[in-house]
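Peer 1: missing the sequence, but the structure's below:
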C-alpha cells in the first residue's frame, strides 16, 4: 500500500507562511485564515505535507482498503490561488456555495484568489457543516463534539 504524502509535520506554520508566501496580500489572508479556521475548528494549525495548513485530524478508510489521516479543515496558499479544504458534499454545503462569492470548485476543494472574494459568514457555515459531516461519517477522535 502506498504511503500517504500528506501527513502532519513539525514545520512551524508561521515560519512556512513567512518564507513561502511572497505576496503581502496573500500573506495577510493566510494569517487571517489561520485565525478563522483555528477559531471555527477549535484546533491549532499544523503543517500537513509541504504546503497544507490543517486543523485537527480524522481517519478515513475507503472501500478499496486505502486509509489514512487528513486534516478536518485546511488550506494551502498556493502561488496562483488559495486551495480551501473546507467542503464536504452535503445538501447544506451545496446550497451554501451559491452565496459564497467568487470561487472555483475542484473535486474536493474551493479555489479563491483572495479572502475578500468570499463571504466569511458563508465560509464559517461551510466549515461547521464539514466538521459535522466528518464527525458523523469518520473516525474522528480529534473532532469537536
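Peer 2: All right, it came through fine. The model shown is predicted, which means the values in this text are computed figures rather than measured ones. Numbering: from 1, shown residues only.

Peer 1: apart from its neighbours in sequence, what residue is nearest residue 113?
Peer 2: residue 81 (5.2 Å; CB to CB, 6 or more residues apart in numbering). All C-beta spots, glycine's among them, are computed from the backbone N, C-alpha and C.

Peer 1: neighbours of that neighbour, how many?
Peer 2: Neighbourhood size, residue 81 [other CB atoms under 10 Å]: 17.

Peer 1: measure it to residue 115 for me?
Peer 2: From residue 81 over to residue 115 the distance is 11 Å, taken as CB to CB, to the nearest Å.

Peer 1: still on that earlier bit, next, the residue nearest to residue 113: phi, psi?
Peer 2: When read as degrees, to the nearest 10, the backbone of residue 81 gives phi -170, psi 170.

Peer 1: which residues sit in contact with it?
Peer 2: 104, 111-113 (CB atoms under 8 Å, 6 or more residues apart in numbering).

Peer 1: quick check, nearest of these to residue 55?
Peer 2: The closest of the contacts of residue 81 to residue 55 turns out to be residue 112 (CB to CB; 17.4 Å).

Peer 1: quick one: residues contacting that closest one.
Peer 2: So residue 112 contacts 81-82, 84, 101-103, 118 (CB under 8 Å, 6+ apart).

Peer 1: ok so, going back, state the pLDDT value of the residue nearest to residue 113.
Peer 2: Residue 81 carries a pLDDT value of 95.

Peer 1: and the gap between it and residue 132?
Peer 2: For residue 81, the distance to residue 132 - CB to CB - is 27 Å.

Peer 1: give me the helices and strands touching the one helix or strand in the chain whose mean pLDDT sits lowest, please.
Peer 2: In the chain, no helix or strand scores lower on mean pLDDT, DSSP states H and E than strand 58-61, which sits at a mean of 80. Other elements packing on strand 58-61 under the criterion 3 or more CB pairs under 8 Å, 6 or more residues apart in numbering; DSSP states H and E are strand 67-70.
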